[in-house]
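[1] no FASTA, just this:
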């Protein structure tokens with residue numbers, strides 16, 4: 001079973017080691033398999049996720065906030081990635097997600113029927 005640990009490349013070593021220890025204990029003690037969904041996320045990827053499910057008004061407000069924070073380059077990336085389909089999945093603006101800095105890991109649980117949950 002590929003748990004996609006390759007997606008942990010670039011994650012902070014302390015975070016990665018703690019996560020892998022937890023995954024091992026969960027597997028041994030509970031017989032639950034953890035799948036890595038995403039580790040380090042680029043600013044562009046974060047902008048794409050942020051745009052999902054948001055109106056033009058919300059996007060313009062987000063860009064204005066980034067400009068006011070002195071991050072006009074990040075505001076430009078929101079425009080560059082363009083509209084994205086889907087429901088809202090994050091509230092973190094590009095350049096503000098801890099994924100960008102390697103301190104977060106998204107994961108899913110594979111249940112006993114082989115179905116991903118979470």
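    Happy to help now that I have it. Note that the structure is a prediction, hence the values are computed from the model and not measured.
[2] for the chain, what spans make up the strands?
    Listed in chain order, the strands of the chain (DSSP state E) span 33-38, 106-110, 116-117.
[3] Tell me which of those is the most buried.
    Compared across the strands of the chain, strand 33-38 shows the largest average neighbour count, a mean of 18 (mean count of other Cβ atoms under 10 Å). Heads up, the C-betas are built off the backbone N, CA and C, glycines and all.
[4] What strands flank that one, and is each parallel or antiparallel?
    Strand 33-38 pairs in its sheet with strand 106-110 (antiparallel), by DSSP bridges.
[5] lowest-pLDDT helix or strand in this protein?
    strand 116-117 (a mean of 70; mean pLDDT, DSSP states H and E).
[6] and the residue sitting furthest away from the middle of the chain, how far is that from residue 110?
    Most distant residue from the mean C-alpha position of the chain: residue 29, 27.1 Å away (Cα atoms, centre = their mean). Per Cβ to Cβ, to the nearest Å, residue 29 is found 16 Å from residue 110.
[7] go on, residue 96?
    30 Å.
[8] related to what we said a few turns ago, could you tell me the least trusted of the strands of the chain?
    Averaged per stretch, pLDDT over the strands of the chain is lowest on strand 116-117, reaching a mean of 70.
[9] What is the neighbour count of residue 79?
    Per other Cβ atoms under 10 Å, the neighbour tally for residue 79 reads 11.
[10] which non-adjacent residue is nearest it?
    Among residues not flanking residue 79 along the chain, residue 63 sits closest, at 7.3 Å (Cβ to Cβ, 6 or more residues apart in numbering).
[11] count of residues packed around that neighbour?
    Neighbour count for residue 63, taken as other Cβ under 10 Å: 19.
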